[in-house]
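Asks: fold the stuff below for me.
(chains A and B)
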Amino acid sequence: TQLLEQSPQFLSIQEGENLTVYCNSSSVFSSLQWYRQEPGEGPVLLVTVVTGGEVKKLKRLTFQFGDARKDSSLHITAAQPGDTGLYLCAGAGTNAGKSTFGDGTTLTVKP
Amino acid sequence: DAGVTQSPTHLIKTRGQQVTLRCSPKSGHDTVSWYQQALGQGPQFIFQYYEEEERQRGNFPDRFSGHQFPNYSSELNVNALLLGDSALYLCASSPVGGEKLFFGSGTQLSVL
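Replies: Model (predicted):
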């Protein structure tokens, strides 16, 4: 069974601080996705990483895929209250529809 | 362009009852996947439908069944509801071979 472990489970910071959350797996995935989910909504895709060592930037968010394609990190610079939400990582094989999700990191950014 | 739409948004049932949840995929998408998200957990894959057939299935009992219609919309049926079936049920669509999943807002099912 492929498992994804995310850490920390909860994170509460002040506006303007930087943070990093992690996603670790015991297995290799063809691709790894990061999603953000707000209460009462479905997950929204932020990024897909495919190549080991890959780094992608989305404004203040930086995503990194480990060289062995078994772990990933999400770094947020100068966090804002609008970044508050549940951050989920998900691994997929050749079928993106059948993704394995971690349990997420709940981020709260206080004004 | 409408995204993935799910109905109903909320549902309350009692143990032993049956429930049907509905999903319309994003325009241009023909593959629908269903996920169960329990409180405090990430989504878990239930099954996927493509060309009106179940193509992949996760570790869920036969009480969970589905259907896909010619217009690509889909239904999730759960029989003999248990208290543990209380969760947010998410539908996601993608184009065939696509890497991106687009999720609906989900149906919050409460089993009393």
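
Asks: and chain A, which residues reach chain B?
Replies: A:4, A:31, A:33, A:40-45, A:48, A:88, A:90, A:92, A:95-104 (CB under 8 Å from any CB of the partner chain). In short, each C-beta sits where N, CA and C put it, glycine included.

Asks: isn't B:Gln48 right next to B:Asp30, touching?
Replies: No - judged on CB atoms under 8 Å, B:Gln48 makes no contact with B:Asp30 at a distance of 11.3 Å.

Asks: more crowded one of these two?
Replies: B:Gln48 (25 against 17; other CB atoms under 10 Å in any protein chain shown).

Asks: check contacts around that one.
Replies: For B:Gln48, the contact set (CB atoms under 8 Å, 6 or more residues apart in numbering or on different chains) comprises A:Asn95, A:Gly97, A:Lys98, B:Thr31, B:Val32, B:Ser33, B:Trp34, B:Glu54, B:Arg55, B:Gln56, B:Arg57.

Asks: pLDDT below threshold where in chain A?
Replies: A:1-2 (pLDDT under 70).

Asks: in it, which spans are helices?
Replies: Under the criterion DSSP state H, chain A carries no helices.

Asks: now the strands for it?
Replies: A:4-7, A:10-14, A:19-25, A:31-37, A:44-49, A:55-58, A:61-65, A:71-76, A:85-92, A:99-101, A:105-110 (DSSP state E).

Asks: so which of the ones you listed gets nearest B:Thr107?
Replies: strand A:31-37 (15.1 Å; CB to CB).

Asks: and the closest one, how far from the chain's centre?
Replies: 5 Å (CA atoms, centre = their mean, to the nearest Å).

Asks: next: stretch A:63-71.
Replies: The mean C-alpha position of stretch A:63-71 is separated from the chain mean by 11 Å, CA atoms, centre = their mean.

Asks: over to stretch A:34-48?
Replies: Worked out by CA atoms, centre = their mean, stretch A:34-48 lies 9 Å from the chain centre.

Asks: could you export that stretch as CSV, CA atoms only?
Replies: Presented in CSV, the C-alpha positions along stretch A:34-48 are these (Å, rounded to 0.1, in the frame of the first residue of the first chain):
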residue,chain,number,x,y,z
TRP,A,34,-0.2,19.7,-4.4
TYR,A,35,-3.8,20.9,-3.7
ARG,A,36,-5.3,23.5,-1.4
GLN,A,37,-8.7,22.9,0.1
GLU,A,38,-10.9,25.4,1.9
PRO,A,39,-13.8,24.4,4.2
GLY,A,40,-16.9,23.3,2.3
GLU,A,41,-15.0,23.1,-1.0
GLY,A,42,-13.2,20.5,-3.0
PRO,A,43,-9.4,20.5,-3.4
VAL,A,44,-8.0,22.9,-6.0
LEU,A,45,-4.8,21.8,-7.9
LEU,A,46,-1.8,24.1,-7.3
VAL,A,47,0.9,22.3,-9.2
THR,A,48,2.1,18.9,-10.6
